[in-house]
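J.: build me a model:
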Amino acid sequence: MGTIMKNLLLFVFILFCLISCKRKENSVDIESPENQIAIGHIDSVYSNILDESRRLWIHVPESANDSSSYKTKYPVLYLLDGPSHFSSVTGMMEQLSPASGNMIVPEMIIVGIANTNRSLDLTPSHVDIDFISGDSIPYPSGGGNKFLDFIEKELVPHIEKTYPASQYRTFIGHSFGGLSVINALVNRQSLFNNYIAIDPSLWWDNRAFLNVADSVLSENKFDKRALYVGVANTMEAGMNIEKVQNDSVPDSNFTVHIKSILQFVKSIEASNDNGLLFKWKYYQNDDHGSVPLITEYDALRFLFSWYKMDGVNEFFSEKSTLTVQELLGLINSHFAKVSDKFGYLVLPPEQFINSMGYGFMNNDMLDKASSLFDLNIQNYPESSNVYDSRGDCFLAQQDSITALKYFTKAMEVGDNNFSQEKIDMLKENLNIE
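T.: As a prediction, the model looks like this:
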């Protein structure tokens with residue numbers, strides 16, 4: 001094997017890079033379905049409770065389409081005002097999750113819920129008169145509990161029957177949607193694990209629901225439930241949080257919104273023995289319209305702070321004394337804790353383990369790389385990719401014959417262009433028919 005084999009390996013790796021970087025030079029037909037970038041699809045469910053059909057914007061992680069994911073179920077994120085926030089939340093989740101090689105949040109199914117009448121769906125009580133202006137309210141209201149009935153009794157069962165969905169659920173809403181999220185926390189605390197209320201309209205009905213929420217949250221237990229509240233800067237010039245909380249400042253369109261939210265978060269902080277995992281943040285530089293994106297980002301990081309495996313970069317250090325057995329022990333221990341949080345078995349994500357394996361391989365820690373690629377084969381035996389990656393590791397170990405066997409196995413499990421290219425090149429250079 002010697003010098004000839006080393007030159008062969010160098011040639012093969014360079015050629016692999018060229019293969020992965022190839023781009024078609026022909027013109028692009030932008031109207032062709034093959035040239036569209038899809039992050040989800042439209043579903044619908046007919047509701048007997050609401051007596052109408054509801055459109056749903058659905059994102060299912062791409063990994064769910066792989067045969068390797070036959071064991072996988074995904075947590076579900078239910079998103080109010082779905083058409084408005086679907087793209088940003090989906091992109092954020094994909095960037096922070098194993099789909100992009102990160103472990104900040106898990107991959108999730110995202111269900112964007114569209115409204116036919118938003119104010120009716122998202123308010124918990126019927127109101128005719130605006131208590132600030134005294135004017136009549138020109139939109140319907142008070143269907144919030146009926147809407148939550150629809151989510152609990154019709155939407156959630158539909159999602160869990162139709163998609164690879166687990167029963168671990170997160171609920172996100174903005175403005176009236178944030179009010180609906182708080183309503184769900186107070187009245188349907190078993191429905192969701194996590195609640196994200198973005199600048200919620202707690203002023204509704206002259207704070208009638210706010211007062212109910214304060215009482216319920218102080219008198220009941222909310223163990224294993226979490227809430228994140230984002231607060232926008234909706235104050236007029238010259239005002240600040242300290243001033244707006246002063247009882248001498250009258251309610252106005254500029255103060256009542258944020259005053260109500262601040263009353264709510266302070267009340268929760270005073271009830272710190274109710275078991276609720278809680279955090280809130282004031283976004284001074286964001287108004288009511290811009291605050292959803294940054295709140296969702298911070299909230300997801302807070303709610304899934306236990307998902308990330310810490311210290312991974314240190315594993316690749318030349319100073320690391322971590323053995324293969326210790327490495328596997330750390331991985332298994334971490335995902336046992338993740339499984340406990342979710343309430344069901346969660347395997348180390350294939351892409352995450354694969355990325356770590358290549359990290360070790362590129363740092364010439366081939367024993368650790370081999371152990372991780374073998375772990376992926378054990379967990380995802382129906383994935384073509386895990387055998388292809390193991391073949392790459394054997395190439396790095398200068399064992400082309402065994403590498404060829406694994407590339408061949410990859411093709412037996414599922415066709416992919418990369419494995420076939422490697423097989424063809426290796427057979428040609430090894431003079432194998």
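J.: all helices of the stretch 101-250 of the chain, in order?
T.: 118-122, 144-150, 156-162, 176-187, 204-219, 241-244 (DSSP state H, counting those that start in this stretch).
J.: which elements pack onto the fifth one?
T.: What it means is helix 204-219. In terms of contacts (3 or more C-beta pairs under 8 Å, 6 or more residues apart in numbering; DSSP states H and E), helix 204-219 is packed against helix 176-187, helix 256-270. The way it works is simple: take the backbone N, C-alpha and C, and place the C-beta from them, glycine included.
J.: how far off helix 204-219 does the next helix or strand along the chain from the longest one point, in degrees?
T.: Scanning the chain past helix 256-270 towards its C-terminal end, the next helix or strand to appear is strand 277-283 (assignment: DSSP states H and E). Between the direction of strand 277-283 and that of helix 204-219, the angle (axes from the mean of the first three to the mean of the last three C-alpha atoms, to 10 degrees) works out to 140 degrees.
J.: for the one helix or strand K427 maps to, list the C-alpha coordinates in PDB.
T.: Here K427 sits within helix 417-429, counting by DSSP H and E. This file holds the C-alpha atoms of helix 417-429, laid out as PDB (Å, rounded to 0.1, in the frame of the first residue of the first chain):
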ATOM      1  CA  ASN A 417     -24.400   9.500  -6.300                       C
ATOM      2  CA  PHE A 418     -21.400  10.000  -3.900                       C
ATOM      3  CA  SER A 419     -21.000   6.300  -3.000                       C
ATOM      4  CA  GLN A 420     -21.300   5.200  -6.600                       C
ATOM      5  CA  GLU A 421     -18.600   7.700  -7.700                       C
ATOM      6  CA  LYS A 422     -16.300   6.400  -4.900                       C
ATOM      7  CA  ILE A 423     -17.000   2.800  -5.900                       C
ATOM      8  CA  ASP A 424     -16.200   3.500  -9.600                       C
ATOM      9  CA  MET A 425     -13.000   5.400  -8.800                       C
ATOM     10  CA  LEU A 426     -11.700   2.800  -6.300                       C
ATOM     11  CA  LYS A 427     -12.400  -0.100  -8.600                       C
ATOM     12  CA  GLU A 428     -10.600   1.700 -11.400                       C
ATOM     13  CA  ASN A 429      -7.600   2.500  -9.300                       C
END
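J.: which one of the helices of the stretch 101-250 of the chain lies closest to N416?
T.: N416 lies closest to helix 156-162 among those, at 28.2 Å (C-beta to C-beta).
J.: other SSEs contacting that closest one?
T.: strand 74-80, strand 165-174.
J.: quick check: what element follows the first one along the chain?
T.: Going back to what we said before, that points to strand 74-80. Following strand 74-80 toward the C-terminus (DSSP H and E): helix 82-96.
J.: now do that following helix, average pLDDT.
T.: Averaged across helix 82-96, the pLDDT comes to 96.
J.: buried residues, that helix. List them.
T.: For helix 82-96, a neighbour-count test (16 or more other C-beta atoms under 10 Å) marks 82, 84-86, 89-90, 92-94, 96 as buried.
J.: any low-confidence regions in this structure?
T.: Low-confidence segments of the chain, defined by pLDDT under 70: 1-33, 66-71, 247-254, 272, 433.
J.: how about the spatially most central residue of it: what's its closest non-neighbour residue?
T.: Of all residues in the chain, the one closest to the mean position by C-alpha atoms, centre = their mean is M93, 4.0 Å from it. The shortest distance from M93 to any non-neighbouring residue, by C-beta to C-beta, 6 or more residues apart in numbering, is to M108 (5.7 Å).
J.: show the contacting residues for the one you found.
T.: Going by C-beta atoms under 8 Å, 6 or more residues apart in numbering, M108 touches 61, 74-77, 93, 97, 170.
J.: for S100, same thing?
T.: E94.
J.: now it: how far from A165?
T.: Between S100 and A165 the computed distance is 21 Å (C-beta to C-beta, to the nearest Å).
J.: and for L77?
T.: 10 Å.
J.: V312 and L322, how far apart?
T.: 11 Å.
J.: most neighbours, which of the contacts of M108?
T.: L77 (26 neighbours; other C-beta atoms under 10 Å).
J.: so that residue bridges to which residues?
T.: Note on L77: beta-bridge partners by DSSP bridges are I110, T170.
J.: that one against T170, yeah?
T.: Yes: assessed by C-beta atoms under 8 Å, L77 is found in contact with T170 at 4.6 Å.
J.: bridged to the residue lying closest to L185 once chain neighbours are set aside, which residues?
T.: Using C-beta to C-beta, 6+ apart and skipping the chain neighbours, the partner closest in space to L185 is Y195 (4.7 Å). In this entry, Y195 is beta-bridged to F171, L227, by DSSP bridges.
J.: now do the same contact list for Y195.
T.: 170-171, 181-182, 184-185, 225-228.
J.: kindly report the same for F360.
T.: F360 makes contact with 315-316, 366, 368-369, 372, according to C-beta under 8 Å, 6+ apart.
J.: for the host helix or strand of it, the distance to its chain's centre please.
T.: Following DSSP H and E, one finds F360 within helix 350-362. With C-alpha atoms, centre = their mean, to the nearest Å as the basis, helix 350-362 stands 21 Å off its chain's centre.
J.: kindly report the same for stretch 199-218.
T.: For stretch 199-218 - counting by C-alpha atoms, centre = their mean - the centre lies 28 Å from the chain centre.
J.: list the buried ones in stretch 364-371?
T.: 365-366, 368-371.
J.: turn these into a markdown table, including secondary structure and distance to V413.
T.: Formatted as a markdown table, the buried residues of stretch 364-371 follow (DSSP: H, G, I helix; E, B strand; the rest coil; distance: C-beta to C-beta, whole Å):
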| residue | secondary structure | distance to V413 |
| --- | --- | --- |
| M365 | coil | 27 |
| L366 | helix | 23 |
| K368 | helix | 24 |
| A369 | helix | 20 |
| S370 | helix | 19 |
| S371 | helix | 21 |
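J.: D81 versus T170, what's the distance?
T.: From T170 to D81 the distance is 15 Å (C-beta to C-beta).
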